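Asks: need a structure here:
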Amino acid sequence: MEQRTTGPSGAPGGAPTMGNPITSINYSGATTFSEDGEYSGTSYESTTGAQNALLVSGGVIDLVNATVVKSGDDNGGDESDFYGTNAAILVYNGATLNMNGGTVQTNGGHANAVFAYGTGVVNISGTTIETSSNNSGGIMVAGGGTISADALTVETSGNSAAAIRSDRGGGEISVTGGTYITHGVGSPAIYSTADIKVTESTLSSTTSEGVVIEGMNSVSLDSVNMTVTNNQNNGHSETFKSIFIYQSMSGDATEGMGTFTAEDSIITTNSGDHFFVTNTTAEINLIGNKFVQNDKNGAFLRAQAGYWGNAGANGGVVNLNAEDQNIIGDIVTDNISTVTLDLKHSYLKGAFTGNGTVNLNLSEDSIVVLTEDSNITSLSNGDANNLNIYANGYKLYVSGEEVSINQSEAPVSFLADSQKTNCIGSTGTNCIQPVVEDTTAAQSTFPVWGYFAIGGGIIIVVALIILAIVKMKHKKGGPTLTQSAQPASSAPTPESPVDLSTTPATSEVPEVSETPSTPDNSDTTNETTMPEQPEQSMPESSNPAPENPEVKTEDTDKKDDFPPAEGII
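Replies: Prediction:
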């Protein structure tokens, strides 16, 4: 068992403690590592409350495919939540744990799975984490701890059991890939009193919010798919929402601006508002995200007083910066809240409702489409004529005075499915790329047998053409054989006219044209063995050979038998 003294005022970092101060922490581990070591396929277990299954207090520990099981409740609560005394794995005091693969399971109150406290560092990848009881988060930092997580599968079932969790004193959590699911009341996918960044992961909350930021802390989502069904309120919560930014005044988080940033992500809200801000100042930065709203009564952003803080001074102050962003839904404020919207190349369709302060700053290439009569406090527009604000049948008032806006038919969004459009060369999960015609598509889908069919057809056509040429040559050779036996003087020359009046009708097709349609080798034999005939003079009354005897009627017939090659193809 080890003892640790807390910082000034009884809490890490000197943050004020609500309730009795804790002056010392007793750490106990069923297994403790305090110096460098490498372990593979090992198992660690604790069934005792306020005891870690694996306590790492020094050195660098490499753990591969380990199995860690923790049960046993810690009814004290604060020591477990702030310092990790009942976690399955606790790393602190400058130690580093590198964990690859394996599983971590907890079944006990305030039994967080993997906890980094103070100067403790955890690098964890490919591990499956499950917690089943209340106040039992998945991966957690406090007091300045650091966790880097890659490709984890985390699921929690209890209440107040965020999958990605932090508490008093904060720290840093960096998450890449993986799936994080929560099912309990008051169990968002992310609860931040730290700086938390999540990239290319899937987040899901089936009962609570998706993201909660308390005090001067931050959450950043990049290429994340988050689905939220907030259907039960926890504690003093009064509204359903997906992203909740507030100051609880519990002392768990330093007061100041909470920051939420999302880029190229998909955020689906099944009940309530997309954003709710109360009793704090918040900055919301949105770049090229897709927001899906499945609650017809849900607003895009609501800033108003709630349970927390001092009545009359506990509204929300919000700076919302949007670029390449679709915003569909209302902006709602009460009389002690302020919202400033700065839209660049963005599209907003909704209404400005309530009686709070709303400042609207538009770039010339942004568009606003009203869905109700709206009143805002100030308007700064890159389009001096307000032609990028469409009435859609409604009126816009600035500090109570109606302003002239575009009365034409309101356009639909120019942004593709609420996604960032200027991302040529990017490979982000939701990045829209320019459409390029795929000239290889036909080649990639053409069947292989088609190539053989085309090749075979070409061979056949070539063979037919050659055959036709051979036949024509044989036809030309036929009359040459006959005429060779005639005296040269009896054959008419092209210049000599032929007296057709004395030529019988049958002479139109001389006998020599009756060459077999198929080449006959005997023709060649006859040409070389035929006995020489004595020259005879043709009687004057005999029919002269027709002019150009090689041009025959049969040639035309053969063209019908063998059409031109392009006719076959």
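Asks: these two touch, right, Gly382 and Ile367?
Replies: No - using Cβ atoms under 8 Å as the test, Gly382 is too far from Ile367 to be in contact (11.5 Å). Bear in mind the C-beta positions are built from the backbone N, C-alpha and C, glycine included.
Asks: give me the more crowded residue out of these two.
Replies: Using other Cβ atoms under 10 Å as the criterion, Gly382 and Ile367 rank with Ile367 on top: 24 against 13.
Asks: about what we covered before: any residues in contact with both of Gly382 and Ile367?
Replies: Contact with both Gly382 and Ile367 is made by residues Asn388, according to Cβ atoms under 8 Å, 6 or more residues apart in numbering.
Asks: any weak-confidence spans in the stretch 1-150 of the chain?
Replies: Applying pLDDT under 70 to the stretch 1-150 of the chain flags residues 1-23.
Asks: what does the stretch 301-450 of the chain give?
Replies: Where the stretch 301-450 of the chain drops to pLDDT under 70, the residues are 417-450.
Asks: any chance you could map the helices in it?
Replies: Per DSSP state H, counting those that start in this stretch, the stretch 301-450 of the chain carries helices over the ranges 441-445, 448-483.
Asks: weakest of these by average pLDDT?
Replies: Here these differ in mean pLDDT, and the lowest is helix 441-445 at a mean of 40.
Asks: OK, contacts around the closest residue to Glu364 other than its chain neighbours?
Replies: Leaving aside its sequence neighbours, Glu364 sits nearest to Gly382 (Cβ to Cβ, 6 or more residues apart in numbering; 3.3 Å). Each residue near Gly382 by Cβ under 8 Å, 6+ apart is listed here: Leu362, Ser363, Glu364, Asp365, Ser366, Asn388.
Asks: now swap in Lys70 and tell me
Replies: Lys70 makes contacts with 45-46, 52-53, 86-88, 104-108, 111, 113, as judged by Cβ under 8 Å, 6+ apart.
Asks: got a ChimeraX select line for the buried ones in these?
Replies: The buried subset of these, as determined by 16 or more other Cβ atoms under 10 Å, is captured in ChimeraX by this line:
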select :46,52,53,86,87,88,104,105,106,107,108,111,113
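Asks: from the contacts of Lys70, which land in strands?
Replies: Glu45, Ser46, Asn52, Ala53, Val104, Gln105, Thr106, Asn107 (DSSP state E).
Asks: mind listing the strands for the stretch 351-500 of the chain?
Replies: Secondary structure of the stretch 351-500 of the chain (DSSP state E, counting those that start in this stretch): strands located at 352-354, 357-362, 367-370, 374-376, 378-381, 389-390, 396-398, 401-402.
Asks: tell me the SS of Leu55?
Replies: Following DSSP: H, G, I helix; E, B strand; the rest coil, we place Leu55 in the strand state.
Asks: who does it form a beta bridge with?
Replies: Beta-bridge pairing of Leu55 under DSSP bridges involves Thr32, Leu90.
Asks: burial check on it, number of neighbours?
Replies: For Leu55, the neighbour count with other Cβ under 10 Å is 27.
Asks: how far away is it from Val318?
Replies: Here the criterion is Cβ to Cβ, to the nearest Å. By it, Leu55 lies 42 Å from Val318.
Asks: related to what we said a few turns ago, filter the contacts of Gly382 down to the buried ones.
Replies: Taking 16+ other Cβ under 10 Å as the criterion, what is buried in these is Leu362, Ser363, Ser366, Asn388.
Asks: residue contacts, the second one?
Replies: Applying Cβ under 8 Å, 6+ apart to Ser363 gives the contacts Leu343, Lys344, His345, Ser346, Gly382.
Asks: do me a favour and get the end-to-end distance for stretch 183-201?
Replies: End-to-end distance for stretch 183-201: 18 Å, by Cα to Cα, to the nearest Å.
Asks: oh, I was asking about stretch 185-196
Replies: Termini of stretch 185-196 sit 21 Å apart (Cα to Cα).
Asks: chain center to it: distance?
Replies: The chain centre lies 24 Å from the centre of stretch 185-196; the measure is Cα atoms, centre = their mean, to the nearest Å.
Asks: quick check: the gap between the nearest residue to Ala30 once chain neighbours are set aside and Asn26.
Replies: The shortest distance from Ala30 to any non-neighbouring residue, by Cβ to Cβ, 6+ apart, is to Ser46 (4.0 Å). With the distance defined as Cβ to Cβ, Ser46 ends up 15 Å from Asn26.
Asks: what segments of the stretch 151-300 of the chain are helices?
Replies: Under DSSP H, counting those that start in this stretch, the stretch 151-300 of the chain gives no helices.
Asks: now Gly58: closest residue in space that isn't a chain neighbour?
Replies: In space, Gly58 is closest to Ser34, 4.0 Å off (Cβ to Cβ, 6+ apart).
Asks: enumerate every residue touching the one you found.
Replies: By Cβ under 8 Å, 6+ apart, the residues touching Ser34 are Val56, Ser57, Gly58, Gly59, Ala95.
Asks: state the distance from the first one to Ser148.
Replies: Val56 sits 15 Å away from Ser148 when distances are taken as Cβ to Cβ.
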